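[1] Next input, structure requested:
(chains A and B)
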There are 2 protein chains.
Amino acid sequence: MSSSGTTTHDGTGTHRGQDTGREHVWSVDEHLEDILAAVRPLEPIELQLLDAQGCVLVEDVTVPVSLPPFDNSSMDGYAVRAADVAGAGEEFPAVLTVVGDVAAGQGEQPAVGPGQAARIMTGAPLPPGAEAVVPVEWTDGGLGEGPVSGMRAHSAAPEGASGEVRVYRPAKARAHVRARGSDVRAGDRALSAGTVLGAPQIALLAAIGRGTVTVRPRPRVVVLSTGSELVQPGEELADGQIYDSNSFSLTAAAREAGAIAYRVGAVADDAETLRSTIEDQLIRADLVVTTGGVSVGAYDVVKEALSALGDPDDEEGLGAGGGVEFRKLAMQPGKPQGFGSIGPDHTPLLALPGNPVSSYVSFEVFVRPAVRALMGLPDVHRATARARLSTAQALTSPSGKRQFLRGRHDAEAGTVTPVGGSGSHLVAALAQADALIVVPEDTTSVEPGAEVDVVLLG
Amino acid sequence: MSSSGTTTHDGTGTHRGQDTGREHVWSVDEHLEDILAAVRPLEPIELQLLDAQGCVLVEDVTVPVSLPPFDNSSMDGYAVRAADVAGAGEEFPAVLTVVGDVAAGQGEQPAVGPGQAARIMTGAPLPPGAEAVVPVEWTDGGLGEGPVSGMRAHSAAPEGASGEVRVYRPAKARAHVRARGSDVRAGDRALSAGTVLGAPQIALLAAIGRGTVTVRPRPRVVVLSTGSELVQPGEELADGQIYDSNSFSLTAAAREAGAIAYRVGAVADDAETLRSTIEDQLIRADLVVTTGGVSVGAYDVVKEALSALGDPDDEEGLGAGGGVEFRKLAMQPGKPQGFGSIGPDHTPLLALPGNPVSSYVSFEVFVRPAVRALMGLPDVHRATARARLSTAQALTSPSGKRQFLRGRHDAEAGTVTPVGGSGSHLVAALAQADALIVVPEDTTSVEPGAEVDVVLLG
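    Numbering: from 1, shown residues only, chains lettered A, B, ... in the order given. Predicted coordinates:
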């Protein structure tokens, strides 16, 4: 966070050091850069493999033992010596004595001498003496009645592990044998630090025997909304009340971003209550997100509770973190924003505006990158695209502000269609959107058919 | 599952009805269609809003109460009568008597008479008598010293709710007022059945007061691998043993697909043990996925345990589901596959081959669509793209088989580069892949630079 920030005596506004009276208006990029410069990836921890899914590996993982760890069969069939089947054909099959079964995971293996074969299963070690595997479909399966399509279960027909087998096709040495180390060799780099662990990477880690890995954990995000007018969905509304939606939508958005999110719910507009609620939550927070109470009103309790912090004598309380700076941004929606750190662990806190659309857009633009920075992910941003604006009339946008409009993106057609208007309370339209249309600061009008940047929401 | 499927007496192969002795080889599309025709979306349940994230809504949700539920202020400022500020300017401000505060969520509101104003906060109801809101920045904030940038906190300066305020700009009736019902109206359709619930949809549902919704739940997927050679990662390998990776990778893949996945781990190659393990798991399974033991070997225990099922007298056991059919597919990797239903609830079961790459590719091609069909999702398939093959020499592919090679996709360049070879044990290469390259059945060679279909993995 900017070290040049200072808080005015009455807590109503914040100036930058170089400011000469008029409040500095931050650009979207300045505010985001400030956040990303302050938010550090979480300290790595060792996690069980499946708990590390979606996390970033912080160690270079080396292969401790070659894969496969031994020469093994790639087919169900018979392990043979190449010379014994060299001349085999449909008319003159090689007739070999079956000396036993080699199943995967079986301790002892029968040795295969000249004129002998061992019945072998996929993945089982090539037994001593054998040089190649002939698939069971190239044999009579020991039944003496021509080529078969498979073996009978050992439990139902144990005699298959003995007797004679006819082999109808030759096999060269190493045929259908997977060589030791042909997948990875001991000492090879399996995965590099920085890799995001998905199912294929977890497959490899398990395959080389890693039960745990060192990764950056998922950040724990505490979400709380503020406002004395807020009622929990499902309850009755009294006059002047509305339902709390932000604590639900931002908890969902934080989970979607990769966080472990805790929804605290709505806190009334009382600075002391808010301060103690946040203090209680710090124990489980890597990031605190609040909504509402950040503007210029007389009951903007987040601003009131947090902008006075930063007391150097406060070594235990919220003020220990250095305090929260409240800013005006050149952004629509999302003009009032707060950012800083609180508490003895300097836990980052983002204070978003309270309108549901403003808070959701603010989450997408500022909180999601912060969550992903905490995870140490290489790319903290949503995918973007260029699209032609599909609309009947030109869009207008205020000069000097970056506007984020809700839209529906058609990737095939390469178009984006605005849904709803620019009003920050249009949560119904938000629910129809799958993209944000970005209108730059210096653009005040976008004609139908013009190319625009869109942020793709998931 | 195909009603024409029958199981041969010895459990080694399965024929379709029209088959005349030679085993039917299923195409990838036939097998997938058979699975998707049999798998039905799960029965809907009512869930708390945040538990429904990612799920499919099965009800049309109607707006019970208009949003906003009352005319309210879009700014922090003063609620006024339009006539009182009609002539206001910097030089000759309108001077109004402040009759009190209107904060969001406050019960009583002061009436605004001629010559009066009420200090009002964003989201607070427009008080009786008032017609418009002037933002605080257009006033002296009651301080008598020219335009201000905000209000002082009510707790610190309660006198702000009384005295006089100078208004420097006129405001028309309804200025800065959000009209009741301007977002959604009671009786409107908020969301339609079939909508997937992400953060923006959860925002709308909460905003209209829905604490719970009726959705199709996430399927519970039980994952178990089979093989007496399998050892849990982190433990010591003995001769002939390898680490169990499939139960880890497929559990991760099932979670990534949207399921609640339970990793049972590795079961030894014993039909009775396997059968009783599966039977124990049925209580928490909407889908069972096994790996290994599905080929033509004498120890292919999944096939042995499950292909003999379908006993009409078995009303409680695994056989009640109708049994599992084992097939050969025209696919590489992934030739041997099993599919059917088991137990009294006819729980679907997919039996995948045991090689790590085969099982992962089989999961992507067959299990993932099944998981998403259980969720009732509109699109069960991964995104695909066309890409030019970036490789030094032509790829070869067996005739008559659909081949899935692992590759790295470069969306910007429009290319895909194969990683590793076609061997089904190359799990190291799989961990570098982010796409599957699809080589169709009738293609035996793909030249460098040729266009291919790729399946994008997440």
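
[2] Quick check: residue A:438 touching residue A:452?
    Yes. Using CB atoms under 8 Å, residue A:438 is in contact with residue A:452, at 6.7 Å. C-beta: built from backbone N, CA, C; applies to glycine.

[3] between the two, which one's more packed in?
    residue A:452 (22 against 19; other CB atoms under 10 Å in any protein chain shown).

[4] which residue ranges form the helices in the stretch 151-300 of chain A?
    Using DSSP state H, counting those that start in this stretch, the helices of the stretch 151-300 of chain A run over residues A:199-207, A:246-257, A:271-281.

[5] Residue A:414: which of these is closest?
    Closest to residue A:414 of the helices of the stretch 151-300 of chain A is helix A:246-257 (CB to CB; 25.5 Å).

[6] Which strands and helices lie in contact with the closest one?
    Judged by 3 or more CB pairs under 8 Å, 6 or more residues apart in numbering or on different chains; DSSP states H and E, the packing partners of helix A:246-257 are strand A:220-226, strand A:260-267, strand A:287-291, helix A:356-362, helix A:368-374, helix B:199-207.

[7] Provide the strand pairings for the third one, with the direction of each partner.
    Strand partners for strand A:287-291, identified by DSSP bridges, are recorded as strand A:220-226 (parallel), strand A:347-352 (parallel).

[8] Now do the buried residues in the first one.
    Okay, so that is strand A:220-226. Neighbour counts over strand A:220-226 (16 or more other CB atoms under 10 Å in any protein chain shown) mark A:220-226 as buried.

[9] Out of those residues, which comes closest to residue A:428?
    Distance to residue A:428, by CB to CB, is smallest for residue A:225 among the buried residues of strand A:220-226, at 18.9 Å.

[10] Spatially central residue for chain A, please.
    By CA atoms, centre = their mean, chain A has its centre lying nearest to residue A:54, at 4.2 Å.

[11] show me what contacts it?
    A:196-198, A:218, A:258 (CB atoms under 8 Å, 6 or more residues apart in numbering or on different chains).

[12] so which of the residues you listed comes closest to chain B?
    In terms of CB to the nearest CB, no member of the contacts of residue A:54 lies closer to chain B than residue A:198, at 6.2 Å.

[13] Name the nearest residue to that closest one, ignoring sequence neighbours.
    Leaving aside its sequence neighbours, residue A:198 sits nearest to residue B:458 (CB to CB, 6 or more residues apart in numbering or on different chains; 6.2 Å).

[14] same check, this time on residue A:306
    Nearest non-adjacent residue to residue A:306, counting by CB to CB, 6+ apart: residue A:324, 4.1 Å away.

[15] for the one you found, phi and psi?
    Main-chain torsions, residue A:324, degrees, to the nearest 10: phi -120, psi 140.

[16] thought residue A:204 was touching residue A:191?
    Yes. Counting by CB under 8 Å, residue A:191 is a contact partner of residue A:204 at 6.7 Å.

[17] what touches both of the two?
    Common contacts of residue A:204 and residue A:191, defined by CB under 8 Å, 6+ apart, comprise residue B:431.

[18] okay, the two: which has more neighbours?
    Just comparing residue A:204 and residue A:191: by other CB under 10 Å the higher neighbour count belongs to residue A:204, 28 against 22.

[19] State the next helix or strand along the chain beyond the host helix or strand of residue A:79.
    Assigned by DSSP states H and E, residue A:79 falls within strand A:77-80. Downstream of strand A:77-80, the next assigned helix or strand under DSSP H and E is helix A:82-85.

[20] if we can go back for a sec, could you spell out the sheet neighbours of the strand holding residue A:79, each with its direction?
    Here strand A:77-80 is paired, per DSSP bridges, with strand A:116-120 (antiparallel), strand A:132-135 (antiparallel).

[21] Buried ones in that strand, by neighbour count?
    Applying 16+ other CB under 10 Å to strand A:77-80 flags A:77-80 as buried.

[22] Looking at these, which one is closest to chain B?
    For the buried residues of strand A:77-80, the residue nearest chain B by CB to the nearest CB is residue A:77; the value is 8.7 Å.

[23] quick one on the thing from earlier: what's the mean pLDDT across the strand holding residue A:79?
    Mean pLDDT, computed over strand A:77-80, is 97.

[24] Same check on stretch A:133-148?
    The average pLDDT for stretch A:133-148 rounds to 94.

[25] Tell me, what's the model's pLDDT at residue A:18?
    Looking at residue A:18, its pLDDT reads 38.

[26] can you check residue A:105 too?
    Reading off the model, residue A:105 has pLDDT 87.

[27] With residue A:154 instead?
    Among the per-residue scores, residue A:154 holds a pLDDT of 89.

[28] quick one: the closest residue to it other than its chain neighbours and residue A:105, what's the gap?
    Nearest non-adjacent residue to residue A:154, counting by CB to CB, 6+ apart: residue B:298, 4.1 Å away. Distance, residue B:298 to residue A:105, using CB to CB, to the nearest Å: 14 Å.

[29] Those two: which is more packed in?
    residue B:298 (26 against 22).

[30] thought the more buried one was touching residue A:151?
    Yes. The criterion here is CB under 8 Å, and residue B:298 meets it with residue A:151 at 4.1 Å.

[31] can you list residues touching both of these two?
    Here residue B:298 and residue A:151 have A:76, A:119, A:160 as joint contacts, going by CB under 8 Å, 6+ apart.

[32] List just the nearest of these to residue B:35.
    Nearest to residue B:35 among the shared contacts of residue B:298 and residue A:151 is residue A:76, at 24.7 Å by CB to CB.

[33] residues in contact with the spatially closest residue to that closest one that is not a sequence neighbour?
    Nearest-residue entry for residue A:76: residue B:297, 3.6 Å, with adjacent residues in sequence omitted and distances by CB to CB, 6+ apart. Contact partners of residue B:297, counting by CB under 8 Å, 6+ apart, are A:76, A:103, A:121-122, A:136, A:150-151.

[34] Just give the nearest non-adjacent residue to whichever residue of the stretch 251-400 of chain A sits closest to chain B, would you?
    Nearest residue of the stretch 251-400 of chain A to chain B, counting by CB to the nearest CB: residue A:296, 3.1 Å away. Distance criterion CB to CB, 6+ apart; nearest residue to residue A:296, sequence neighbours excluded, is residue B:150 at 3.1 Å.

[35] For the helix or strand containing residue A:326, which helices and strands make contact with it?
    Using DSSP H and E, residue A:326 sits in strand A:323-329. Applying 3+ CB pairs under 8 Å, 6+ apart, one finds that strand A:323-329 contacts strand A:5-7, strand A:14-16, strand A:25-26, helix A:28-38, helix A:301-306, strand A:336-342, strand A:347-352.

[36] Past that strand, which element shows up next along the chain?
    Where DSSP H and E defines the elements, the next helix or strand beyond strand A:323-329 is strand A:331-332.

[37] before we move on, the earlier item: mind checking the strands paired with strand A:287-291 for the one nearest to residue B:280?
    Closest to residue B:280 of these is strand A:220-226 (CB to CB; 34.4 Å).

[38] how much distance is there from the closest one to the middle of the chain?
    Chain-centre distance of strand A:220-226: 20 Å, with CA atoms, centre = their mean, to the nearest Å.

[39] ok, the nearest residue to residue A:183 once chain neighbours are set aside - contacts?
    Once flanking residues are discounted, residue A:183 sits nearest to residue A:67: 4.1 Å by CB to CB, 6+ apart. Going by CB under 8 Å, 6+ apart, residue A:67 touches A:181, A:183-184, A:207-208, B:242, B:425, B:427-428.

[40] and if we set it to 6 Å?
    Taking CB atoms under 6 Å, 6 or more residues apart in numbering or on different chains, we find residue A:67 in contact with A:183-184, A:207.

[41] who in the stretch 251-400 of chain A is up against chain B?
    For the stretch 251-400 of chain A, the contact set with chain B under CB under 6 Å from any CB of the partner chain comprises A:251-253, A:295-299, A:304, A:356.
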